[in-house]
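> could you look at this predicted model? Sequence included:
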Amino acid sequence: MTIQSDRVLPAALRDRWPYAPHYANVNGWRMHYVDEGEGDPVVLLHGNPTWGFLYRDMIAPLVSSGRRVIVPDMIGFGLSEKPTREQAHCLDGHTANLTALMRQLDLKQITLVCHDWGGPTGLSFAMSNPARVRALTIMSTWAWPMPPAEFHTRIFPWRMMHAPLIGPYLLGNHRALAGRGVYLSVVNREQFARTAQAAYEAVLPDPATRLLTWVWPRWIPLDENAQAFERFKWLEQELSSSKLPSLIIWGREDEVFDAATFANRFKQLLPHAEGPHLVTGRHFLQEDSAPEIARLITSFLDRHDGNGGKR
Amino acid sequence: MTEVAPIEKQSLEGKRLSFALAEDRLAHYPEFRDFFVRAFDLDRKGLSEPGFVRAPSGNAYALIFIGRSGAPFPSGLEVYAVVDALEPIDGDVLDRDLWSILRWMIGGVGAPWTVEDFDRTGRLYRVPAAAPG
């Protein structure tokens, strides 16, 4: 089955997402992705509860700089297939989904741009497929088992909103994260509500389609018994010995993964990384600073290319 | 809003179970699973019968407990409204009832989970049933 984005998005938003849909079968699931431009690939990875739309204002400038831009929608989000059982989702499975797409497209010299759960999945892909990856950009995410963000340890509102039965009710029936949750995590809320919020809500129209919005929070390690604790330990270890050129960009107003704690910890893990560059933004910093982030990435890649991006 | 209590097994003659809510991972926080085990004597009853509660609207709800190989029972839970077989259910009433059932659950789970934090979370995300008054 194919879902065309122009059937899903509200009419007023269709011109903000003019990209042709592509689909791949990954681990038996239908994954939607955007594939624009030519050159070394830049892969833009979103997290919870967003989709490729988060990068809508970064695709054109990256393509103009002479790069091929790939924007997958994680299985469970955006225009990709949405499993209806919690057990269909696990961190390793999502990494394997991304790996499947990267191998099907036979991408090499990849620059991975990681945000939120695009961090643990994208960085796990990078560490397990080093021959395909040439650079990393890291934004508002994490890659270690402990400690979690202080926000994630609080019952109000974080643990309460995804608690058993409450997650399906609040995030499923009442769309708490896909709607108001993103709204609360941008700086310019009026602009977001007017120009973008409907695009995030439209692709998760029914409670069952929002399953992953309460499943991902349950994969954030809060103690040593957490589901993905060992994977995060491995990821931190691998990253600490990585020499991949890296760029760290963070939202100055990020209250979830605050820059002082999280961006600086990435800097300790990857001391050769550029940054952290602070831009206007809360957790969903692309909503407030997409052009500036695109400029930082193209400038970073141009310097590493030596002769500019256009070849 | 919190007048929810377990009730005796309900007759389903002339009724249907109208799906309302499902949880695949009841023990994500184990104290939630423990609450249902206590409230419905599940260590003794197991899968033999659903649990039932009465919600503020007067509607009865069936709690269907789900077992999963290799996981403590119950691993999941489905909530169904017990309604007249051929009649639709009022969505607003259902939502308020679910809110009350969850509120009752949080009260039963106990510290550090509190009804006050549940109410605050509902208000933050503008759940109609959480609105003051």
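Yep, it's here.
> what residues does chain B put near chain A?
Within reach of chain A by Cβ under 8 Å from any Cβ of the partner chain, chain B has these residues: B:21-29, B:32-33, B:77, B:79, B:95, B:98-99, B:102, B:105-106, B:112-114, B:117-118, B:120-122, B:124-127. C-betas here are computed from N, CA, C, even on glycine.
> write out the residues of the stretch 201-311 of chain A neighbouring chain B.
residue A:218.
> confidence score at the closest residue to chain B within the stretch 201-311 of chain A?
In the stretch 201-311 of chain A, the residue found nearest to chain B is residue A:218; the distance is 5.2 Å by Cβ to the nearest Cβ. Residue A:218 is assigned 97 on the pLDDT scale.
> got it, and residue A:305?
pLDDT, residue A:305: 85.
> got a list of what the residue of the stretch 201-311 of chain A closest to chain B touches?
A:162, A:167, A:227, B:25, B:28 (Cβ atoms under 8 Å, 6 or more residues apart in numbering or on different chains).
> thinking again about what came up before, which of the residues of chain B next to chain A are buried?
Among the residues of chain B next to chain A, those classed as buried by 16 or more other Cβ atoms under 10 Å in any protein chain shown are B:21-29, B:32-33, B:77, B:79, B:95, B:98-99, B:102, B:105-106, B:113-114, B:117-118, B:120-122, B:124-125, B:127.
> looking at the residues you listed, which are in strands?
Members of those lying in strands (criterion: DSSP state E): B:21, B:22, B:23, B:77, B:79.
> can I get the residues you listed in TSV with pLDDT?
Formatted as TSV, those follow (pLDDT from 0 to 100):
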residue	pLDDT
B:21	98
B:22	97
B:23	98
B:77	98
B:79	98
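> chain A: which of those residues is nearest?
Among these, residue B:23 lies closest to chain A (Cβ to the nearest Cβ), at 4.7 Å.
> can you count the residues close to the residue nearest to residue A:126 when sequence neighbours are not counted?
Nearest residue to residue A:126 in three dimensions, chain neighbours excluded: residue A:133, at 4.5 Å (Cβ to Cβ, 6 or more residues apart in numbering or on different chains). By other Cβ atoms under 10 Å in any protein chain shown, 24 other residues sit near residue A:133.
> show me what contacts residue A:133?
With contact set as Cβ under 8 Å, 6+ apart, residue A:133 has these partners: A:110, A:111, A:112, A:125, A:126, A:244.
> can you check residue A:293 too?
By Cβ under 8 Å, 6+ apart, the neighbours of residue A:293 are A:58, A:139, A:249, A:279, A:285, A:286.
> the second one contacts residue A:250, doesn't it?
Yes - contact between residue A:139 and residue A:250 holds when scored by Cβ atoms under 8 Å: they sit 6.6 Å apart.
> okay if I get the contacts of residue A:133 as CSV plus neighbour count, pLDDT and secondary structure?
Shown next, in CSV, are those (neighbours: other Cβ atoms under 10 Å in any protein chain shown; pLDDT from 0 to 100; DSSP: H, G, I helix; E, B strand; the rest coil):
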residue, neighbour count, pLDDT, secondary structure
A:110, 23, 98, strand
A:111, 24, 98, strand
A:112, 28, 98, strand
A:125, 26, 98, helix
A:126, 27, 98, helix
A:244, 18, 98, coil
